[in-house]
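K.L.:
sequence first, then the predicted structure:
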Amino acid sequence: MQEREPKGVLEALARFEQPLLRFASTIAGPDGARDTVQEVFLELCKEPWSKVEGHLAAWLFTVCRNKAISHRRKLKKHADVEETDVADVENHPPDQAFERKEAGLRIEKAMQGLSERDREVVALKFAAGLSYKEIAEVTKLSVSHVGVILHEALKKVRERLSTEEPLVLSAKGAS
């Protein structure tokens with residue numbers, strides 16, 4: 001008989017859904033992120049709670065990573081630019097939403113030069129909010145190696161951002 005902890009699954013959903021969505025979108029694109037995260041929580045419902053208890057975050061992000069990579073491979077495409085969410089526009093005046101989108105595009109462009117592993121580690125840290133230890137568990141790297149990768153990747157991104165011209169997004173209908 002399989003043991004389940006429904007309360008734990010609901011708590012995991014409340015705590016990790018948004019970080020998992022952000023992380024999955026860095027691998028599978030924004031369109032594939034929701035399906036990926038849904039599959040992750042379906043797997044969690046099937047898994048005996050005793051197998052995930054104590055390392056839930058690492059388990060969730062490992063499963064999410066694997067499912068997002070599979071999703072990306074199936075579609076053979078990856079969305080390059082995430083559109084501004086309706087919620088973002090509603091919560092911020094148009095000029096702030098525009099500036100946020102421009103900053104996001106600049107960061108995305110600067111990260112394109114990083115290796116896939118480096119982008120993944122950065123996404124796990126900043127999009128998912130994982131600790132170095134949790135990132136190490138997901139990626140099968142040592143904690144110190146995670147620190148080195150983050151340090152070097154952020155240094156490269158900062159250098160690219162400091163030498164890059166600001167993006168100019170055209171507004172339709174502007175004269």
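P.N.:
In hand now; what should we look at? For clarity, every value in this text was computed on a predicted model and none was experimentally measured.

K.L.:
kindly list the longest helix within this protein.
P.N.:
Across the chain, the longest stretch assigned as helix under DSSP state H is helix 6-46.

K.L.:
what sits against the nearest residue to residue 129 once chain neighbours are set aside?
P.N.:
The spatial neighbour of residue 129 that comes closest, neighbours along the chain excluded (CB to CB, 6 or more residues apart in numbering), is residue 19 at 5.2 Å. Using the backbone N, CA and C atoms, a C-beta is placed for each residue, glycine as well. For residue 19, the contact set (CB atoms under 8 Å, 6 or more residues apart in numbering) comprises 127-130.

K.L.:
and those, which is closest to residue 146?
P.N.:
residue 130 (9.4 Å; CB to CB).

K.L.:
spatially nearest residue to the closest one, not counting backbone neighbours?
P.N.:
Counting by CB to CB, 6+ apart, the residue nearest residue 130 is residue 124, at 4.9 Å.

K.L.:
wait, what's in contact with the one you found?
P.N.:
Here residue 124 is in contact with 23, 61, 130, 134-135, 138-139 (criterion: CB under 8 Å, 6+ apart).

K.L.:
of those, closest to residue 49?
P.N.:
Of all these, residue 49 sits closest to residue 61, with 17.6 Å by CB to CB.

K.L.:
check which helix or strand covers that closest one.
P.N.:
helix 56-75 (DSSP states H and E).

K.L.:
ok, residues contacting that helix?
P.N.:
Against helix 56-75 from outside (CB under 8 Å, 6+ apart): 8, 12, 16, 20, 23-24, 27-29, 32-33, 35-37, 39-40, 43-44, 47, 51-52, 78, 120, 124, 128, 130, 134, 137-138.
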